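Asker: Provide a 3D model corresponding to the input given below.
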Amino acid sequence: MTFEALSTIVVLAIIVEFSTEIFKTIVPGIRGQYSRLVAILLGMILCVITRSGILASLNIQLVALPQIDYFITGLIISRGSNILHDLVSKLKIAGAKN
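Answerer: Prediction:
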């Protein structure tokens, strides 16, 4: 995974985190599972419109439906920057073992 791809995905995760928090202050009734749904939708939309996918960054090509990569990445970044940090750490450990 290149540094540029990783930094793009981290920036998108941070944007989703901040946008979700702003959205929750504008619409006070959004809490719990609805808050997560907003984050997932924002993450997926951002990945689709920016064409940012974590699988492509790992040189994993999806032949039939490359858009699935954007949705998977959207789900991941909807969890925020902390989950990305954990994922990258696990990928580094797995790469060091090989």
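
Asker: how about the helices in the chain?
Answerer: Here the chain has its helices, by DSSP state H, at 3-26, 33-50, 54-57, 67-78, 81-97.

Asker: mean confidence for the third one?
Answerer: Okay, so that is helix 54-57. The predicted model assigns helix 54-57 a mean pLDDT of 85.

Asker: coming back round to it: out of the helices of the chain, which one sits most buried?
Answerer: A comparison of these by mean neighbour count, using mean count of other CB atoms under 10 Å, puts helix 67-78 on top with a mean of 20. Yep, even glycine has a C-beta here, placed from its N, CA and C like the rest.

Asker: between it and helix 33-50, how many degrees?
Answerer: Angle, helix 67-78 to helix 33-50, by axes from the mean of the first three to the mean of the last three CA atoms, to 10 degrees: 130 degrees.

Asker: what sits up against helix 67-78?
Answerer: Applying CB atoms under 8 Å, 6 or more residues apart in numbering, the external contacts of helix 67-78 come out as 9, 12-13, 16, 36, 39-40, 42-48, 51-56, 62, 83-84, 87.
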